[in-house]
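A.B. asks: Have a look at this prediction, sequence included:
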Amino acid sequence: MKKFLLLLLGASVAVCASAQVKSMGNAYRPVEKSMTATSVNAPSRVDIITEQPEGTVVNYMRGGEYLLSSLYGYDTDYQSGRVKIVYADDGKTVYIKDIMCYGEGTGVWVVGELSEDGTMITVPLGQYIAFNEEFNYGVILSWGSTDVLDLGDGFYWLDFIPDERAENVVYAIDPDNGTITMLDSEGSVDNPYPNNCVATGLAGLWSDDGSVATIEWNSVWTPVGDAVPAVPANPEVLEFFDCGDESGYTRFDFNINLVDVDGNPLDPDCLTYSIYTDNDDLFTFDYDTYGVQNGFETDMTEIPYGYGGEDFYLRRVYFYRTNEGDNPMFTWRIGMQLNYTVEGVTNKSDIVYLEVYPKPTAVDEVNAAKAVTGVRYYNMAGQQMAQPSGMTIKVTTYSDGTSTADKLMK
């Protein structure tokens, strides 16, 4: 079965007080839960809004706090990035893009209602912020509280209790400055561990079993102007895993903070990223390999932030390549650069590399530039073998007539 990350990580988790467990932000969604949460009775098929509705667009800077739960523990931090709201011409309907901070980049709009006096926005719960048709589940809006149970020996259980009475999340609009504030939420990431994960607020639950993926509270959205040219802050490169073949499970994990070098929020719609290898070699996601399953219309070297598809996620990319064999994906490192384009002006971050293998020596680089014409294997007695077995001498012959010998243990 092909991988499915969707967006968030979901599970109730046990964590140890001796060290705060941080999620990397991207991993497989757990198939089995530690406990069964209250079902939200979500429908089996939904139509989510991904195209921007008609109306007046206002951009906001996101503030507040959030928690992300996973099998690996939990991550609490301050919200960042942008929220986009479309106020429809009927004066009543509003559409909110990426209503939750850890949904930012999925491009999903939820529907709300503006009060007659323009001071309140009411958003019905139960709306999806992400959905996967193949697996028939997604992440759905809910309201409730997290709780921590002391298990003894420095371990605690993080749980989520949905508020079965809640039907909406309500935001108040300040008539003087336009600031939007979530009502009735509470919590603090500054409380001592593990109590910084005790909070009440808007949650994203997995629709198949109601377990919590994320919750946020004390949310405040401040109006900001349209996006302006800026230099994006450098991405974080986290891990590279080579599956050893071309099945599509070779992956590259990273994290993109939606701020510029001065800490100001970026507009995700203006952000793309590019993959580089070795000596700043730009990687191309070619149409023949990636086109059909990812909706490409041509070869791609810049991937929009939050681009959906079979192989692209908020914090992970999959490749149909391997570093094994005669045509490796790269020799020693893989990296990422962010591109931020506003009004025709593109600013770039540094290329940030993850060094996966030792850097080749000058001799290695010379050999890499030559074509391999043959590979032979010998045992320690000097007898040629069809395949390496045990202690093996690998002899590689190059197009210029030279050869190298390496010891292998198989």
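C.D. replies: Sure thing, it's come through. Computed from a prediction, not measured in an experiment: that's the story for all the values here.

A.B. asks: Every contact and neighbour count from this point should use C-alpha atoms.
C.D. replies: Noted.

A.B. asks: Please list all residues in contact with the residue nearest to Ile140 when sequence neighbours are not counted.
C.D. replies: Leaving out its chain neighbours, the residue that sits closest to Ile140 by C-alpha to C-alpha, 6 or more residues apart in numbering is Tyr128, at 4.3 Å. Listed by C-alpha atoms under 8 Å, 6 or more residues apart in numbering, the contact set of Tyr128 reads Val46, Ile48, Val110, Gly138, Val139, Ile140, Leu141.

A.B. asks: again with Met61
C.D. replies: By C-alpha under 8 Å, 6+ apart, the residues touching Met61 are Ser80, Gly81, Arg82, Val83, Trp221, Thr222, Pro223, Val224, Pro265.

A.B. asks: Who does the fifth one form a beta bridge with?
C.D. replies: Assessed by DSSP bridges, Trp221 has beta-bridge partners Arg62, Ile180.

A.B. asks: quick thing: my sequence starts at 40, can you match it?
C.D. replies: Got it, first residue is 40 now, which makes that one Trp260.

A.B. asks: Which of the contacts of Tyr167 fall in strands?
C.D. replies: Among the contacts of Tyr167, the members found in strands (DSSP state E) are Val149, Gly177, Val178, Ile179, Leu180.

A.B. asks: By neighbour count, which of these wins?
C.D. replies: Sorting the ones in strands among the contacts of Tyr167 by how many neighbours each has (other C-alpha atoms under 10 Å) puts Val178 first, at 30 neighbours.

A.B. asks: pLDDT weak spots in this protein?
C.D. replies: Low-confidence segments of the chain, defined by pLDDT under 70: 40-84, 109-112, 142-144, 173, 401-409, 419-420, 430, 446-449.

A.B. asks: May I see the domains of it written out as residue ranges?
C.D. replies: 52-263, 275-394, 401-448 (automatic domain parsing).

A.B. asks: okay, the ones you listed in JSON lines with distance to Ala269 next?
C.D. replies: Below are these laid out as JSON lines (distance: least, C-alpha to C-alpha, whole Å):
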{"stretch": "domain 52-263", "distance to Ala269": "14"}
{"stretch": "domain 275-394", "distance to Ala269": "6"}
{"stretch": "domain 401-448", "distance to Ala269": "37"}
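
A.B. asks: Can you report how many residues lie near Tyr396?
C.D. replies: Applying other C-alpha under 10 Å, we find 11 residues neighbouring Tyr396.

A.B. asks: Wait, a helix at it?
C.D. replies: No. Counting by DSSP: H, G, I helix; E, B strand; the rest coil, Tyr396 is not found in a helix; it is coil.

A.B. asks: Give me the nearest residue to it, chain neighbours excluded.
C.D. replies: Nearest one to Tyr396, counting by C-alpha to C-alpha, 6+ apart, is Trp371 at 4.6 Å.

A.B. asks: do the same with Gly226
C.D. replies: Per C-alpha to C-alpha, 6+ apart, closest to Gly226 is Ala238, 4.3 Å.

A.B. asks: go on, Val300?
C.D. replies: In space, Val300 is closest to Ala272, 4.5 Å off (C-alpha to C-alpha, 6+ apart).

A.B. asks: quick one: which two of the ones in strands among the contacts of Tyr167 are the most distant?
C.D. replies: Pairwise distances across the ones in strands among the contacts of Tyr167 peak at 14.1 Å for Val149 and Gly177 (criterion: C-alpha to C-alpha).

A.B. asks: Identify the residues contacting the residue nearest to Arg372 when sequence neighbours are not counted.
C.D. replies: Leaving aside its chain neighbours, Arg372 sits nearest to Glu394 (4.3 Å; criterion: C-alpha to C-alpha, 6+ apart). By C-alpha under 8 Å, 6+ apart, Glu394 lies in contact with Trp371, Arg372, Ile373.

A.B. asks: Which single one of those is nearest to Tyr312?
C.D. replies: The closest of those, once distances to Tyr312 are taken by C-alpha to C-alpha, is Ile373, at 13.2 Å.

A.B. asks: Now the one helix or strand that closest one maps to - C-alpha only, PDB.
C.D. replies: In the assignment (DSSP states H and E), Ile373 maps to strand 372-381. Taking Å, rounded to 0.1, in the frame of the first residue of the first chain, the C-alpha atoms of strand 372-381 are listed here in PDB:
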ATOM      1  CA  ARG A 372      24.400  15.200   0.300                       C
ATOM      2  CA  ILE A 373      20.800  16.400  -0.300                       C
ATOM      3  CA  GLY A 374      19.500  19.800   0.400                       C
ATOM      4  CA  MET A 375      16.600  22.300   0.100                       C
ATOM      5  CA  GLN A 376      16.200  25.900  -0.900                       C
ATOM      6  CA  LEU A 377      13.000  28.100  -0.400                       C
ATOM      7  CA  ASN A 378      11.800  30.500  -3.100                       C
ATOM      8  CA  TYR A 379       9.500  33.300  -2.200                       C
ATOM      9  CA  THR A 380       8.000  35.200  -5.100                       C
ATOM     10  CA  VAL A 381       5.900  38.400  -4.700                       C
END
